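Peer 1: Sequence and predicted structure below; questions after.
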Amino acid sequence: MSRLEADLTTWCDLYVAGRLQKPVYTIPSVWSRQSPEVQHKISTLRQQNFDHAIAASLLLLPDEFDSGLLFQTLVSLSYTGDVRVENPQKVKNIVYTGNNLRKFEELYSPSIHDFEKNGIIERVTRESQTLYRVCKVPEYYNVF
């Protein structure tokens with residue numbers, strides 16, 4: 001657990017943390033064998049990983065962006081240093097294949113809501129399109 005915890009909180013490897021930033025299928029038989037305490041700890045660590053992924057993505061995004069661009073930027077975090085990228089459309093395919101965009105929106109909805117509530121981003125509607133605007137850098141990434 002300590003290696004998983006370290007990767008999800010510090011991105012020391014960005015191996016498991018990078019994979020868990022995307023929609024994944026949890027095998028019910030494996031998950032149900034975990035104690036409620038372990039399930040809670042992993043869920044909490046995953047949520048922190050989501051928050052950190054959004055915060056890091058905000059540093060790379062333009063002032064206004066839609067959810068698709070947010071999730072493409074977020075997915076690209078774990079592929080930026082990967083020299084084996086076989087398909088230049090890999091990130092876009094991960095976000096837009098099937099109903100993945102909806103899955104990303106569901107997965108990140110609590111984090112996006114918290115970022116809005118804390119004034120880090122705001123929702124803007126333009127020509128019937130929902131955009132987000134960066135209002136301030138998340139505090140735990142503000143180095144100034």
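Peer 2: Right, received. Where do you want to start? Numbers count the residues shown, from 1 in each chain.

Peer 1: buried set for stretch 84-96?
Peer 2: Neighbour counts over stretch 84-96 (16 or more other CB atoms under 10 Å) mark 91, 94, 95 as buried. The way it works is simple: take the backbone N, C-alpha and C, and place the C-beta from them, glycine included.

Peer 1: so how far is the helix ranked longest in the chain from its chain's centroid?
Peer 2: In the chain, taking DSSP state H as the definition, the longest helix is helix 36-60. Centroid displacement of helix 36-60 relative to its chain, using CA atoms, centre = their mean, to the nearest Å, is 8 Å.

Peer 1: hang on, residue 87 packs against residue 93?
Peer 2: Yes. Under the criterion of CB atoms under 8 Å, residue 87 makes contact with residue 93 at 7.0 Å.

Peer 1: List of residues touching the longest helix of the chain?
Peer 2: Helix 36-60 is contacted from outside by 1, 4-5, 8-9, 11, 17, 20-21, 31, 34, 70, 73-74, 77, 107-108, 110-112, 114-115, 120-121, 134, 137-138, 140-141, using CB atoms under 8 Å, 6 or more residues apart in numbering.

Peer 1: Same check on stretch 5-21?
Peer 2: With CB under 8 Å, 6+ apart as the contact definition, stretch 5-21 has outside contacts at 4, 41, 45-46, 48-50, 52-53, 74-75, 77-79.

Peer 1: 7 Å instead?
Peer 2: Contact with stretch 5-21 is made by 4, 45, 46, 48, 49, 50, 53, 74, 77, 78, as judged by CB atoms under 7 Å, 6 or more residues apart in numbering.

Peer 1: If we ignore the residues flanking it in sequence, what's nearest residue 78?
Peer 2: Leaving aside its sequence neighbours, residue 78 sits nearest to residue 18 (CB to CB, 6 or more residues apart in numbering; 2.7 Å).

Peer 1: Quickly find the element holding the one you found.
Peer 2: Using DSSP states H and E, residue 18 maps to helix 16-19.

Peer 1: State the mean pLDDT of whichever helix or strand comes after that helix.
Peer 2: For helix 16-19, the following helix or strand on the C-terminal side (DSSP H and E) is helix 28-32. Mean pLDDT, computed over helix 28-32, is 75.
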